[in-house]
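>>> 3D, please:
(one chain, ligands or ions: 1)
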Amino acid sequence: MQLPVSFTERMQRLLGPDEYTRFLEALQQTPPVSIRLNKTKAEATMGLQPVPWAEAGFYLPQRPLFTLDPAIHTGAYYVQEASSMFVEQALRQAINLEEPLQVLDLCGAPGGKSTHLASLISQDSLLVSNEVIRSRANILAENVAKWGSGNVLVTSNDPRDFGRLPSFFDVMVVDAPCSGEGMFRKDPQAVGEWSEENVNLCAQRQQRILMDVWEALKPGGVLIYSTCTWNEQENEQNIAWLSEQEGAESIKLQLQPDWGMLATQFKGVEGYRFYPHRVQGEGFFMAVVRKAGSEEAVSHGKSRKKKYKLTAAGKKERALVENWLLEPEKYIFLQHGEVISALPANLFEAADEVYQNLYVIYAGTELAEIKGKKLKPLQGLALSQHLHKDAFQVADLDLERALRYLRKEDISLGTNGNNWLLLQYKGLPLGWAKQIGNRLNNYYPKEWRIRMELPAELPDESLVIR
Ligand SMILES: C[S@@+](CC[C@H](N)C(=O)[O-])C[C@H]1O[C@@H](n2cnc3c(N)ncnc32)[C@H](O)[C@@H]1O
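This next block holds a predicted model:
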């Protein structure tokens, strides 16, 4: 790998000659592979090495062909680079996760941090997972739906739109678009795209993003900032600039000596740097700050009589779907066009506020679509952590049938009937099919289907077990 000269000079200065040699050696090695489990759906198979700073994170001995493991399509785990999982420490150490929180993941796609945040916050909390680029927002919505938490709204807005929600969020994650130096090993193309000019452009854009969303953070709220790059402009300097401008207070995290990341101090800002020769992971930077002031001072104007944007589903529709979720009494059932969805009832006010101000593309759990007098169950329900399986007829698929189903091929079970079937693999729901006589109509979402041809020989083991 041919590294840019000015990058090399800066890294030598940052690391010193000995450490720089170890850094270069690490860049030649194969990147580690790691996954984060969805513990509501699956457990790790025995013997996987844990990621020390993330409870559900595990390293794999090698990179499997993930597409051929049906479990990944069920949202049982997410393939995520280990350093990024450090966000968990910011949440556990700087925030009371038992409290109901309003959380924003501003730069959300493809969904690594959002699915992680969804696992860490309580069911009484709302996560707004945003991605400005629409095509990427669809992928984010897919991954959020697969994770199945039910308390997430996926939006597709520019950071400046969040100014319409002043003092709304308790926690914000800004995993900013960056110059990607930390990805040089995983993605050699990133080296070719790197330039000093781009670093400066990225740093300016990050400042703009931070200023655009800062207003939406509550006084006393916590902002977690991260990049996958090493230059100081995009990292320490940006957070020091934000702290100076806004009087934000830097939060120091406790590190275990064997974790390996490097704690930095710059103008009173604590930062955490991840280098591949020090940690089993890619390049990453994170800093955490608290906004000055306290929440008591904020008035949300909730007493105002207001016109809601969200519409409750009618009694009839509600009666048809409520038994499809566990603990239905905890939800409010909503209707948007032909789609009936469910949101935890205590999140209604906050979710409505989001609907009033942002462009929401996925919300809560999508349960069903009204088709004339009938209801068609939706994929969001099949993958929900709160699905009441007993309400449906379930059929187990072997590996080959599961993969063919995920390719949206016609499969046959040799059964007869006229009803909806919940298809699953090793107890993990995959999606819906409808029996019509001895035919089976495949309702797997077209955009999610596996596009690769199946090899003659299939792998015989899944990475996770239920
Ligand atoms: C580092 S990636 C986010 C990765 C994601 N947090 C995860 O863990 O999977 C940065 C994201 O910011 C988005 N982005 C690009 N330009 C942006 C802008 N001007 N404002 C906000 N987000 C932007 C990109 O599309 C990209 O999805």
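>>> what's the neighbour count on W230?
Neighbour count for W230, taken as other Cβ atoms under 10 Å: 24. (Each C-beta comes from the backbone N, C-alpha and C, glycine too.)
>>> My read is that it contacts E181, right?
Yes: with contacts counted by Cβ atoms under 8 Å, W230 reaches E181, the gap being 4.9 Å.
>>> Now for these two: what residues contact both?
Counting by Cβ atoms under 8 Å, 6 or more residues apart in numbering, the residues touching both W230 and E181 are G283.
>>> which residues touch the closest residue to A203 other than its chain neighbours?
Excluding the flanking residues, the one nearest A203 by Cβ to Cβ, 6 or more residues apart in numbering is Q233, at 4.1 Å. Residues in contact with Q233 (Cβ under 8 Å, 6+ apart) are V199, N200, A203.
>>> and the second one, what are its phi and psi?
In other words, N200. Backbone torsions for N200, taken as degrees, to the nearest 10, come to phi -60, psi -40.
>>> which stretch of helix or strand covers the residue nearest to A203?
If you go by DSSP states H and E, Q233 is not part of any helix or strand.
>>> Name the SS class of the residue of the stretch 201-350 of the chain found nearest the ligand, please.
The stretch 201-350 of the chain approaches the ligand most closely through I209 (5.0 Å), counting by Cβ to the nearest ligand atom. Under DSSP: H, G, I helix; E, B strand; the rest coil, I209 falls in the helix class.
>>> Could you tell me how many residues sit around E329?
Count around E329 with other Cβ under 10 Å applied: 7.
>>> Please confirm that it is located within a strand.
No: assessed with three-state DSSP, E329 is helix; it does not lie in a strand.
>>> Quickly note the distance from it to P344.
Distance, E329 to P344, by Cβ to Cβ, to the nearest Å: 11 Å.
>>> next one: L387
With Cβ to Cβ as the criterion, L387 and P344 are 15 Å apart.
>>> ditto for A240
Relative to P344, and taking Cβ to Cβ, A240 is found at 38 Å.
>>> can you pull out the helices in the stretch 251-400 of the chain?
315-321, 348-357, 379-382, 399-406 (DSSP state H, counting those that start in this stretch).
>>> And for the first one, what's in contact with it?
Spelled out, it's helix 315-321. So helix 315-321 is contacted by A312, A313, F333, Q335, I340, A342, L367, A368, I370, L375 (Cβ under 8 Å, 6+ apart).
>>> For PyMOL, write the selection for the buried entries among those.
Typed into PyMOL, the next command selects the buried ones out of these (criterion: 16 or more other Cβ atoms under 10 Å):
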select buried, resi 313+333+335+340+342+367+368+370+375
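>>> Show me the contacts of helix 315-321 that map onto strands.
Judged by DSSP state E, strands contain the following of these: F333, Q335, I340, A342, L367, A368, I370, L375.
>>> The fifth one touches G380, doesn't it?
Yes: in this structure, L367 sits in contact with G380. The criterion is Cβ under 8 Å, and the distance is 7.0 Å.
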